[in-house]
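Q: Here is a sequence with its predicted model. Questions after.
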Amino acid sequence: MVGAKFLRKGSTCIVDDEPCKILNVDISKTGRHGHAKCKIEAEGLFDGKKRIFFKNGDAEMDVPTIKKGNAQVLSTSGDIAQLMDMENYSTFEVLIPEEFKGKLESGMEVVYWKWEGKLAIKDIK
């Protein structure tokens, strides 16, 4: 948990049960009642949706713990890639993001992120 006024560009927080990367934070001056207001712009790490919301500067925000790992592409079929974790050799399937469609081939290594059962390919090695 972190106060909304301590969020910075590039950090992460949970908004609407979705981990998000902070794009911009505007903090207003403290008002007559002593609380600053924060306008926060964020983008979902897994769904890519932009979110703009306002919070009291002292409001507590949850910070996600995202597991980052390396995996090898076993196969691709349409929009789905079957990956094998390079650490524990478990296999799983994940949707291929638009920017990687047509670029993934069997045997390639990728970086993936995992948070509460959600998986996403984030980079090609």
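A: Nice, I can see it.

Q: And the pLDDT for the residue most central in space within the chain?
A: The residue lying closest to the centre of the chain (C-alpha atoms, centre = their mean) is L45, at 2.4 Å. As summarised for this prediction, L45 has a pLDDT of 92.

Q: ok, A59 - contacts?
A: By C-beta atoms under 8 Å, 6 or more residues apart in numbering, A59 lies in contact with G3, A4, C38. For the C-beta atoms, the positions are set from N, CA and C on the backbone; glycine is no exception.

Q: In ChimeraX, how would I select the buried members of the residues you listed?
A: Burial among these is assessed by 16 or more other C-beta atoms under 10 Å; the matching ChimeraX selection reads:
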select :4,38
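
Q: Does I14 lie in a helix or a strand, and which?
A: Here I14 sits within strand 12-15, counting by DSSP states H and E.

Q: Report all helices and strands that that strand contacts.
A: strand 18-27, strand 37-44 (3 or more C-beta pairs under 8 Å, 6 or more residues apart in numbering; DSSP states H and E).

Q: winner for burial among the ones you listed?
A: Each of those was scored by mean neighbour count; the highest is strand 37-44, a mean of 18, by mean count of other C-beta atoms under 10 Å.

Q: Residues in contact with that strand: which ones?
A: 4-5, 7, 13, 15, 18-28, 31, 49-57, 59.
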